[in-house]
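> Take a look and give me a structure for this.
(one chain, ligands or ions: 2)
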Amino acid sequence: MARAQKARIPVPAAPRRIAVLGAGSWGTTFAKILADGGNDVTLWARRPELAREINEVKRNSDYLEGINLPRTLHATSRLGEAMRDAEQVFVSIPSQSLRSNLEAMTPFLGPETIVVSLMKGVEKGTGLRMSEVIAQGLPVDVERIAVASGPNLALEIAREQPTAAVVSSASLETAQAVAMAATNRYFRSFVNTDVIGTEFGGVLKNLIAVAIGIVDGVGYGENTKASIITRGLVEMTDFAVAYGAEAQTLSGLAGLGDLIATCESSLSRNNTAGRLLGQGYAFADVVKQMNQTAEGLASVAPILSLAEARGVDMPIVRQVSQVLAGTLDPKDIAPHLTTDSDEPQGERTTDDGTGRGRTTLRGALKRAFDQLRDGGGSARRDRP
Ligand SMILES: NC(=O)c1ccc[n+]([C@@H]2O[C@H](COP(=O)([O-])OP(=O)(O)OC[C@H]3O[C@@H](n4cnc5c(N)ncnc54)[C@H](O)[C@@H]3O)[C@@H](O)[C@H]2O)c1
Ligand SMILES: O=P(O)(O)OC[C@H](O)CO
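Ligands and ions are numbered 1, 2, ... in the order given. The predicted structure is shown next:
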């Protein structure tokens, strides 16, 4: 029997100083990923009592029940202390609150600091992606901005279940520096330079996961869900490509990978919010019941406006917005999903020959094979 290959994890010459801003479920989990990768990590928590709990008992019981945090992880409620001398600053707060936090961060940025968004939403009102909001609000060159995304349900990773992600930046060097830091024995980061595709993948899969939650709540089964996931990927790809993404990014970790994880898991807050809607709760009641961030709820309206501006049809997302508005009965969502036409339509996939969503099964399999073969090495591209 072949012996399992042991992963080679690059060990930094000296621990990198890293700040993670936001001590919710993902910020805390990412701080653990980075600390377990040998970095010197300080986590910023808004509430001093949470910072105290993390420092004193190495727990974050509000967001990650039962998880022991690394002994080396330090937390503080003082932003300046968290960011002092940080080479890399990871931001993990709700997307709608990002802009209002940027001014406070500015005095603590060094000339070389890399800023990484871990968030998966677009800003209401502007429709901007989080890396764009960062570029507008911080004195940081676009080459020093990165995003990290992928099938990354926080609790599974906090339990150290093996997971992959992709780090994207306009600068491959920046993406590689971040991916090197965000790699450990249970978490591996690949890289690409398609920031638009990587970021929109994370935003759009949330909207499809809300749709999946809705039909789950109604009681529909696997056929309905598989239909939505497949059609949803076409919508995601059409949209992202219309905004300049590479179609193949949407068949990678930040697209299809995250779509599968989020649609499959009851850990997903977007999926959970959808399920409550499908069970008949009104939007306002769902928001009240969610004590963690379900980004999809706020991103539906800006994504539909952006889709309209580029002439992209998004029937699934449109129907999610109608359910949120209370104008569509959740049980009516499935029959309308793919088309409003009475005529049979050709099935357009992400490889329809139009070049819009060009990606092939062969290509996807090759990418999966390449990633498996390369597992254990240093950061690699999330594409062939
Ligand atoms: N949880 C996951 O599995 C996961 C995985 C990948 C990406 N993400 C993304 O990470 C981002 C954060 O999600 P999360 O799961 O950590 O959310 P969360 O609700 O668990 O935590 C949000 C954190 O932001 C803080 N916060 C709330 N409002 C704030 C404000 N106005 N200013 C500053 N801080 C504020 C909260 O105190 C909390 O620490 C989201 O964009 C989400 O899509 C989450
Ligand atoms: O809990 P959700 O729905 O925000 O999803 C979490 C992550 O984005 C999954 O990759």
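> I'd assumed residue 114 was in contact with residue 148.
No. Applying CB atoms under 8 Å as the test, residue 148 and residue 114 come out as separate, 11.4 Å apart. Every C-beta, even on glycine, is put in place using the N, C-alpha and C of the backbone.
> any idea which helix or strand carries residue 212?
If you go by DSSP states H and E, residue 212 is part of helix 195-218.
> for residue 33, same thing?
In this structure, residue 33 sits in helix 25-36 according to DSSP H and E.
> wait, does that helix contact ligand 1?
Yes. Helix 25-36 comes into contact with ligand 1 (CB under 6 Å from any ligand atom), by way of 25-27.
> which strands and helices sit next to the helix holding residue 212?
If you count contacts as 3 or more CB pairs under 8 Å, 6 or more residues apart in numbering; DSSP states H and E, helix 195-218 packs onto helix 130-137, strand 145-149, strand 163-169, helix 222-242, helix 258-264, helix 269-278, helix 295-309, helix 315-325.
> Doesn't residue 175 lie inside a helix?
Yes. Assessed by DSSP: H, G, I helix; E, B strand; the rest coil, residue 175 belongs to a helix.
> ok, it - how many residues close by?
Neighbourhood size, residue 175 [other CB atoms under 10 Å]: 29.
> cool, and the one 10 residues further on?
Burial of residue 185, expressed as a neighbour count using other CB under 10 Å, amounts to 12.
> Find the nearest non-adjacent residue to the residue in the chain positioned nearest to ligand 1, please.
Distances between the chain and ligand 1 by CB to the nearest ligand atom are smallest at residue 24, namely 1.7 Å. In space, not counting the residues next to it along the chain, residue 24 is nearest to residue 63; the distance is 5.3 Å by CB to CB, 6 or more residues apart in numbering.
> what do you get for residue 135?
According to CB to CB, 6+ apart, the nearest residue to residue 135 is residue 142 (5.5 Å).
> Would you agree the one you found is in contact with residue 132?
No. With contact defined as CB under 8 Å, residue 142 does not count as touching residue 132 (9.3 Å).
> Which one's more surrounded, those two?
Each of residue 142 and residue 132 has its neighbours counted (other CB under 10 Å); residue 132 has more, 19 against 14.
> how near is that one to residue 121?
Relative to residue 121, residue 132 is positioned 12 Å away (CB to CB, to the nearest Å).
> what does the stretch 251-384 of the chain have sitting close to ligand 2?
Residues of the stretch 251-384 of the chain found near ligand 2 (CB under 6 Å from any ligand atom) are 258, 261-262, 268-271, 295.
> sorry, back to before: look at the residue nearest to residue 135 and report its pLDDT.
Note on residue 142: pLDDT of 98.
> residues in contact with it?
131, 135, 170 (CB atoms under 8 Å, 6 or more residues apart in numbering).
> does ligand 2 sit close to stretch 87-95?
No. Contact of stretch 87-95 with ligand 2 is not found when judged by CB under 6 Å from any ligand atom; the minimum separation is 10.3 Å.
> Could I get the buried residue list for that stretch?
Residues 87-93, 95 are the ones in stretch 87-95 that count as buried (16 or more other CB atoms under 10 Å).
> Flag every residue of the chain that's near ligand 1.
Counting by CB under 6 Å from any ligand atom, the chain sits next to ligand 1 at 22-27, 46, 63, 92-95, 97, 101, 118-121, 152-154, 292-293, 295.
> Would you list the buried entries among those?
Listed as buried from the residues of the chain next to ligand 1 are 22-27, 63, 92-93, 95, 101, 118-121, 152-154, 293, 295; burial here means 16+ other CB under 10 Å.
> So which of these sit within helices?
Counting by DSSP state H, those place 25-27, 101, 154, 295 in helices.
> now for those, which pair is the farthest apart?
By the measure CB to CB, 101 and 154 form the most distant pair in these, at 20.0 Å.
> Show me which residues of the stretch 51-200 of the chain are close to ligand 2?
120, 151-153.
> Nearest to residue 312, out of those: which one, please.
Residue 312 lies nearest to residue 120 out of these, by CB to CB, at 19.3 Å.
> Domain map for this structure?
The chain breaks down by automatic domain parsing into domains covering 17-193, 201-369.
> Compare the mean pLDDT across those and name the weakest.
Among those, domain 201-369 scores lowest, with a mean of 88.
> and that domain, how far from the chain's centre?
Computed by CA atoms, centre = their mean, to the nearest Å, the chain-centroid distance of domain 201-369 equals 14 Å.
> With stretch 21-37 instead?
Stretch 21-37 sits 14 Å away from the centroid of its parent chain (CA atoms, centre = their mean).
> same question, stretch 159-178
On CA atoms, centre = their mean, the centre of stretch 159-178 falls 12 Å from that of its chain.
> Stretch 76-93 now?
In terms of CA atoms, centre = their mean, the centre of stretch 76-93 is set 20 Å apart from its chain centre.
> Kindly export that stretch (C-alpha atoms) in PDB.
Only the C-alpha atoms of stretch 76-93 are listed here, as PDB (Å, rounded to 0.1, in the frame of the first residue of the first chain):
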ATOM      1  CA  THR A  76      -6.800  42.900  22.100                       C
ATOM      2  CA  SER A  77      -9.700  45.400  21.800                       C
ATOM      3  CA  ARG A  78      -7.200  48.100  20.900                       C
ATOM      4  CA  LEU A  79      -6.900  48.400  17.100                       C
ATOM      5  CA  GLY A  80      -3.400  50.100  17.300                       C
ATOM      6  CA  GLU A  81      -2.000  47.300  19.400                       C
ATOM      7  CA  ALA A  82      -3.400  44.700  17.000                       C
ATOM      8  CA  MET A  83      -2.000  46.400  13.900                       C
ATOM      9  CA  ARG A  84       1.400  47.500  15.300                       C
ATOM     10  CA  ASP A  85       4.200  46.400  12.900                       C
ATOM     11  CA  ALA A  86       1.800  44.000  11.100                       C
ATOM     12  CA  GLU A  87       3.200  42.900   7.700                       C
ATOM     13  CA  GLN A  88      -0.300  41.600   6.800                       C
ATOM     14  CA  VAL A  89      -3.700  42.700   8.100                       C
ATOM     15  CA  PHE A  90      -6.700  40.400   7.500                       C
ATOM     16  CA  VAL A  91     -10.100  42.000   7.800                       C
ATOM     17  CA  SER A  92     -13.200  39.800   8.700                       C
ATOM     18  CA  ILE A  93     -16.100  42.000   9.700                       C
END
